[in-house]
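[1] got a structure for you, letters missing:
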C-alpha cells in the first residue's frame, strides 16, 4: 500500500510529451502571428484615410499611395499591394477590398495558411 502512495505526478516521459506539444504550438504561433500583425496594421492604414482629415485623399491613386507609404513605415514588404487591395471610388466614399493569403511552412510538406478577406467603406474627408 505504501508503494502506490509514493507514485504521484507525471513521469519524465510524460513531461517530455507535454513540452513537445507546447513547443509545437509555440512554433506555429510564432510563424503566424507576424501575418496577423501586418493585417492589423493594414486595417489601421486603410481606416486612417477617413479619420485623418489633413491628408485630403481624393482619388484611387492617392489612396494606393497612402497605403503604400504606410506599408513602408510598418515594414510590410512581402505583399503585392495592387493584387491584394482593390479600391473603387463611388460617390463620396471609397470601397477597399483587402483579400490575400499567406503560407508558412511548418513541417516538410505541411503549411500553415492564414487568409484575410475584408471590405472597407471609407468616406472621403
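    Thanks, I have the structure now. In this text the structure is predicted, and so the values were computed from the model without any measurement.

[2] which residues does residue 81 contact?
    Taking C-beta atoms under 8 Å, 6 or more residues apart in numbering, we find residue 81 in contact with 64, 67, 68, 71. Yep, even glycine has a C-beta here, placed from its N, CA and C like the rest.

[3] sorry, slip of the keys, the one I care about is residue 118.
    Going by C-beta under 8 Å, 6+ apart, residue 118 touches 43, 97, 98, 99.

[4] per-residue pLDDT of it, please?
    pLDDT recorded at residue 118 is 96.

[5] bridged to it, which residues?
    residue 98 (DSSP bridges).

[6] and it, how close does it get to residue 14?
    Separation of residue 118 from residue 14 (C-beta to C-beta, to the nearest Å): 43 Å.

[7] ok, and what's touching stretch 18-29?
    10, 106, 112.

[8] could you find the closest non-adjacent residue to the last one?
    Using C-beta to C-beta, 6 or more residues apart in numbering and skipping residues adjacent in sequence, the residue nearest residue 112 is residue 104, 4.6 Å away.
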